[in-house]
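> here is a sequence with its predicted model. Questions after.
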Amino acid sequence: MSEAEIPGILHHCHGSSYAGHFVTFKTVSKVLQAGFWWPTMFRDANRFVSRCDACQRQGNISKRNEMPQNFILEVEVFDIWGIDFMGPFPSSYGNEYILVAVDYVSKWVEALASPTNDSRVVIKMFKSVIFPRFGVPRVVISDGGSHFINKVFENLLKQNGVTHKVASPFHPQTSGQVEISNREIKGILQKTVSITRKDWSKKLDDALWAYRTAYKTPLGTTHFHLVYGKSCHLLVELEYKAAWAVKLLNFDILPAYERRSMQLHELEEIRHLAYDNSRIYKERSKAYHDKRIIPRSFAPNDQVLLFNSRLRLFPGKLKSRWSGPFTIKEIRPHGAIVLLNTKGEEFVVNGQRVKPYLADTRVEKGEPVTFNDPPHA
């Protein structure tokens, strides 16, 4: 047996119709069962198996494949807003969708129920809610849906000097704050709607009230307190005659002025404390996340396969979800990777969705080895 025969033997014992594409150990076992042996067979088999095209296109991605976490910290409230649609839900008075907008600092949430999820609803959110109530933000973060990527919305943001950041495809973690808020608001609605679930649009305002007055661990306070510098008075305070409900109104302007002035001064301190709490919380979350992932590195011109989660929507369990190979053109900060397809077209993906592709299945050249019979034990 010559060195030139080794790739053929490995192919028969790993990639042929009767081999089964098993892992290195089982491939070597088949080689031995067939009566062949050479000193570097484990190394050669491992190299051959790791470069098998069919084997590389199998498997899934997990949380251990994620890129290192990157969090957003901004000092000023209402500078950065994330927007996203929820739905479709069962029709409720003609409404099937909820457009959610979240401030990345105070975590304050605004939401609109709507019959559609098009750009007109997005424009209404900004013209009727965001701009007049909170002013013009610096940045808006959204996914790449057509309701957010269109000329009308882009022109509105451009006219007001707002930067539009778009999340990478198939990576909703970029809009993580909106995803968290969506999940919590949806959870509140699920517990408060009727059996028919057709009154959720009537319950939306109450759900927002509950969300805004709930204690938020990363902030160390409630959303309402962080924005207004005071606690939100609830109906329970009136029904059970809390201190606020029974005390006499103060019509003396001087003491009232002093008290409100103190509240406004405390507001800055509350916001600084919330900022520190949020930073510490996110640093701990990043440390916990990053120690559980598999370290990976990529470089320009590397060949990679891309995991396509859209294939989950189609029948055919035997179909591979890995497409490619693609060539890496550029490595961007925060885990984004620019890929090139065979036509030279560029597109951006998150590093979690790619894995190295080893195309060469040839065995490394070494000294010629010839054995007539396998060694006897």
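Arrived safely.

> what comes up buried for stretch 121-130?
121-122, 125-126, 130 (16 or more other Cβ atoms under 10 Å). The way it works is simple: take the backbone N, C-alpha and C, and place the C-beta from them, glycine included.

> now swap in stretch 332-340 and tell me
Here stretch 332-340 shows 335-339 as buried, counting by 16+ other Cβ under 10 Å.

> got the domain ranges for the chain?
3-56, 63-67+295-356, 80-289 (automatic domain parsing).

> for those domains, which has the smallest mean pLDDT value?
Taking the mean pLDDT of each of those, the lowest value is held by domain 63-67+295-356, a mean of 78.

> end to end on that domain, go ahead and measure it.
Start-to-end span of domain 63-67+295-356 (Cα to Cα, to the nearest Å) is 17 Å.

> chain center to that domain, what's the gap?
Between the mean C-alpha location of domain 63-67+295-356 and the chain-wide mean there is a distance of 15 Å, by Cα atoms, centre = their mean, to the nearest Å.

> listing partners with orientation, what would you give for the one helix or strand Ala113 maps to?
Element membership for Ala113 (DSSP states H and E) is strand 109-114. Applying DSSP bridges, strand 109-114 is found paired with strand 97-103 (antiparallel).

> so what touches the strand it pairs with?
Residues from elsewhere that reach strand 97-103 (Cβ atoms under 8 Å, 6 or more residues apart in numbering): 77-78, 80-89, 108-117, 121-122, 125, 129-130, 134, 177-178, 181-182, 185, 204.

> out of the residues you listed, which are buried?
Burial by neighbour count, judged by 16+ other Cβ under 10 Å, picks out 77-78, 80-87, 89, 108-114, 117, 121-122, 125, 130, 134, 177-178, 181-182, 185, 204 from the contacts of strand 97-103.

> summarise which helices and strands the lengthiest strand in the chain is packed against.
Taking DSSP state E as the criterion, the chain has its longest strand at strand 322-331. Counting contacts by 3 or more Cβ pairs under 8 Å, 6 or more residues apart in numbering; DSSP states H and E, strand 322-331 packs against strand 303-307, strand 336-340.

> can you do 10 Å?
helix 53-56, strand 303-307, strand 336-340, strand 346-350, strand 354-356 (3 or more Cβ pairs under 10 Å, 6 or more residues apart in numbering; DSSP states H and E).

> follow-up on the earlier one: let's see which of the contacts of strand 97-103 end up in helices.
121-122, 125, 134, 177-178, 181-182, 185, 204 (DSSP state H).

> pretty sure Glu184 contacts Lys191?
No: using Cβ atoms under 10 Å, Glu184 makes no contact with Lys191, being 11.2 Å away.

> how close does His272 sit to Val105?
11 Å (Cβ to Cβ, to the nearest Å).

> more crowded one of these two?
Neighbour comparison, His272 and Val105: the larger count goes to Val105, with 24 against 11 (by other Cβ atoms under 10 Å).

> show me where the stretch 51-200 of the chain has strands.
80-86, 97-103, 109-114, 139-142, 163-166 (DSSP state E, counting those that start in this stretch).
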